[in-house]
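Asker: build me a structure from this.
(2 chains)
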There are 2 protein chains.
Amino acid sequence: MSQLIIVGAGLIGCSFAAGARAAGLFSEIHALEPDVSAATRACELGHVDGTVTEIPASAAVLLACPSHAVVGWLNKLADHKGPVIDVASVKGALLQQLAATGDLAPTGYVPCHPIAGRETSGPDAAAATLFLDKLVIVTPTAATHAEQLALVKSWWRALGARVEEMDADEHDRVYASTSHLPHLLAFAYLLGVDPEHLHHSGGGFRDFSRIGASDPDMWSAIFDLNSEALLLAVEDFRGHLDEFVDAIAAQDSNRLHELIAQARVRRLGLGDLT
Amino acid sequence: MSQLIIVGAGLIGCSFAAGARAAGLFSEIHALEPDVSAATRACELGHVDGTVTEIPASAAVLLACPSHAVVGWLNKLADHKGPVIDVASVKGALLQQLAATGDLAPTGYVPCHPIAGRETSGPDAAAATLFLDKLVIVTPTAATHAEQLALVKSWWRALGARVEEMDADEHDRVYASTSHLPHLLAFAYLLGVDPEHLHHSGGGFRDFSRIGASDPDMWSAIFDLNSEALLLAVEDFRGHLDEFVDAIAAQDSNRLHELIAQARVRRLGLGDLT
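Answerer: Purely as a prediction, here's the structure:
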């Protein structure tokens, strides 16, 4: 049992802290958070025991800062002896950035991505159960130590998550398609909606556009970092959109029916419709 | 108090029947439904008292059939004396189709559109409370009788709905943007998702793509009928998508942040994030 430092007292950092506390994983938990109101709130809510301004040697570290700040922290922690994980939604592109800095990272670094976002953020949105039954992707590299990997997996499992290993570049392609593209489409869609028409929206609109309320800091960083895979996913999407536009313009109801039926079957494969 | 005939014993028809029964609006309610299993189920569940194969003179009629069948029914019912409503998601284009048939429609016709869809369908998905606190758009024309309009509004209000009058063409533009386009984007998006990646999807994906499981019969008819307004909405969307793609390709994080923040504010205006 050692000390945990969460770098960034937001939704993910505080939820990990709260879950780790409930599971008794660490002797004490502190936050390193420049935003005083977030830091204070994290303490008030009992997610952390207090705050720090420097990371103690050998503490376990959770980098729950925006994606674009992860590599800077890894460089800064290059001599750190304890385990270090990040929770960025981009993995391959992040590891490429890291390689560009000479792979300057702590020996205990294990890249992680918990699939447990929300459109709300901050310490007040945090919950010890956020990772319960959620998937956490870990993308170990040749430099990842086996015992650190096993330790980090055991943390996520203690918080109720399922852990899956993936290649980092494959991770970025898959999440460009299943997460980053839907966010992009929801954002672009919302820019075209007249605010005066919002009261005409039904439940479909609400569900479809909910991710469009996500945090701009987080998502501009993700789009920037995973630009290559995301732009490929957009091109693929445009092709499918064109198929629909062609069928609509040609008043080809049969073709429209066929396309919609294909899409429907794909979504039904996932379940969870109600 | 008179008899109600629902033409089409699906989600909307059966929910209206169940709600009207709970509110005591009609002395008896029957379904005209060619699909024997749906008709039987609507009876078993008590949504309707029985089935008919012809519409009795002076009965109230709810046309809850697919959009593309509404005009045919209005033509067929041209001499009908009772009130007739439809529930199609397209109104202006439907009235244009009707005009092309010489405006052959019953004098008691009032065009309606309840904003109360679901991705599930059929009598089993129906509920008397489906329209509770929901918006119902009515688009009266010069031919709509004031007393029929008032009667129909009183029905929807008895089912708990809020009623709003709109111009039919304006309705089609507004719903192309707030309903038909999101469905189109969800369908097109799903065509590009590898089924093997579905288990990587998080809550955002689930919400965003839920409308992609909607009924192909209903939606191919809506896209076909409202093609003009929908294609304009798609063009507008493509412009916003291009703004994002340009910012991503240029690695312009500030611009990305600005675009996402704009989208976010629009969605926050609607609330209902949790």
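
Asker: now stretch A:255-274: buried residues?
Answerer: Buried residues in stretch A:255-274, counted by 16 or more other C-beta atoms under 10 Å in any protein chain shown: A:R255, A:L256, A:H257, A:L259, A:I260, A:A261, A:A263, A:R264, A:R266, A:R267, A:L270. In short, each C-beta sits where N, CA and C put it, glycine included.

Asker: tell me the contacts of the nearest residue to A:L198 once chain neighbours are set aside?
Answerer: In space, and not counting its chain neighbours, A:L198 is closest to B:L270: 5.0 Å by C-beta to C-beta, 6 or more residues apart in numbering or on different chains. B:L270 makes contacts with A:L198, A:S201, A:R206, A:S209, as judged by C-beta atoms under 8 Å, 6 or more residues apart in numbering or on different chains.

Asker: before we move on, the earlier item: which of the buried residues of stretch A:255-274 sits closest to A:A146?
Answerer: Distance to A:A146 across those (C-beta to C-beta) is lowest for A:L270, with 33.9 Å.

Asker: who wins for neighbours among the contacts of B:L270?
Answerer: Each of the contacts of B:L270 was scored by neighbours using other C-beta atoms under 10 Å in any protein chain shown; the highest score is A:S209's, at 25 neighbours.

Asker: same question for the helix or strand containing that one, mean pLDDT?
Answerer: Using DSSP states H and E, A:S209 maps to helix A:203-209. Across helix A:203-209, the average pLDDT comes to 89.

Asker: and the helix or strand encompassing A:Q97, how far out from the chain's middle?
Answerer: Assigned by DSSP H and E, A:Q97 falls within helix A:92-100. Centre-to-centre, helix A:92-100 and its host chain are 17 Å apart (C-alpha atoms, centre = their mean, to the nearest Å).

Asker: what is the following helix or strand past that helix packed up against?
Answerer: The first helix or strand that comes after helix A:92-100 along the chain, using DSSP H and E, is strand A:109-114. Helices and strands touching strand A:109-114, by 3 or more C-beta pairs under 8 Å, 6 or more residues apart in numbering or on different chains; DSSP states H and E, are strand A:84-86, strand A:135-138, helix A:146-158, helix A:168-175.

Asker: which other helices and strands contact the longest one?
Answerer: Read it as helix A:146-158. helix A:11-23, strand A:109-114, strand A:135-138, strand A:162-165.

Asker: so which of those is the most surrounded?
Answerer: Compared across the helices and strands packed on helix A:146-158, strand A:109-114 shows the largest average neighbour count, a mean of 25 (mean count of other C-beta atoms under 10 Å in any protein chain shown).

Asker: quick one: contacts of that one?
Answerer: Strand A:109-114 is touched from outside by A:12, A:74, A:83-89, A:91, A:94-95, A:131, A:134-141, A:143-144, A:148-149, A:152, A:156, A:161, A:168, A:171, A:175, with contacts defined as C-beta under 8 Å, 6+ apart.

Asker: before we move on, the earlier item: reformat the helices and strands packed on strand A:109-114 as a markdown table; add mean pLDDT and distance to A:L104.
Answerer: A markdown table is the format used below for the helices and strands packed on strand A:109-114 (pLDDT from 0 to 100; distance: least, C-beta to C-beta, whole Å):
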| stretch | mean pLDDT | distance to A:L104 |
| --- | --- | --- |
| strand A:84-86 | 98 | 12 |
| strand A:135-138 | 96 | 21 |
| helix A:146-158 | 97 | 17 |
| helix A:168-175 | 96 | 17 |
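
Asker: tell me the most buried of the ones you listed?
Answerer: Comparing those by mean neighbour count (mean count of other C-beta under 10 Å), strand A:84-86 ranks first with a mean of 25.

Asker: packing partners for that one?
Answerer: With contacts taken as 3+ C-beta pairs under 8 Å, 6+ apart, strand A:84-86 sits against strand A:60-63, helix A:70-76, strand A:109-114.

Asker: reformat those as a markdown table; add mean pLDDT.
Answerer: Shown next, in a markdown table, are those (pLDDT from 0 to 100):
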| stretch | mean pLDDT |
| --- | --- |
| strand A:60-63 | 98 |
| helix A:70-76 | 97 |
| strand A:109-114 | 97 |
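
Asker: is chain B contacted by stretch A:260-267?
Answerer: Yes: shown here: stretch A:260-267 in contact with chain B (C-beta under 8 Å from any C-beta of the partner chain) through A:I260, A:A261, A:Q262, A:A263, A:R264, A:R266, A:R267.

Asker: and stretch A:120-131, by the same measure?
Answerer: Yes: on the criterion C-beta under 8 Å from any C-beta, stretch A:120-131 is in touch with chain B at A:T120.

Asker: mean confidence score for that stretch?
Answerer: So the average pLDDT for stretch A:120-131 ends up being 92.

Asker: mind checking the end-to-end distance for it?
Answerer: End-to-end distance for stretch A:120-131: 15 Å, by C-alpha to C-alpha, to the nearest Å.

Asker: what's the following helix or strand after the longest helix belonging to chain A?
Answerer: Ranked by number of residues, the top helix in chain A under DSSP state H is helix A:227-249. Remark: after helix A:227-249, the chain's next helix or strand is helix A:253-268, criterion DSSP H and E.

Asker: just for the stretch 151-274 of chain A, where's the confidence low?
Answerer: A:271-274 (pLDDT under 70).

Asker: still on that earlier bit, out of the helices and strands packed on strand A:84-86, which is closest to B:V193?
Answerer: Short answer: strand A:109-114, nearest of the helices and strands packed on strand A:84-86 by C-beta to C-beta, at 18.4 Å.

Asker: give me the spatial nearest neighbour of A:G160, chain neighbours excluded.
Answerer: Going by C-beta to C-beta, 6+ apart, A:G160 has A:L132 as its nearest residue, at 3.6 Å.

Asker: what is the burial count for the one you found?
Answerer: Using other C-beta under 10 Å, A:L132 has 12 other residues around it.

Asker: which residues touch the residue of the stretch 1-150 of chain A found nearest chain B?
Answerer: Using C-beta to the nearest C-beta, the closest approach of the stretch 1-150 of chain A to chain B is made by A:I115 at 4.3 Å. With contact taken as C-beta under 8 Å, 6+ apart, A:I115 is in contact with A:K134, A:L135, A:V136, A:I137, A:S179, B:H200, B:S201, B:G202.

Asker: the fourth one and A:K91 touch, don't they?
Answerer: Yes: between A:I137 and A:K91 there is a contact at 7.3 Å, judged by C-beta atoms under 8 Å.
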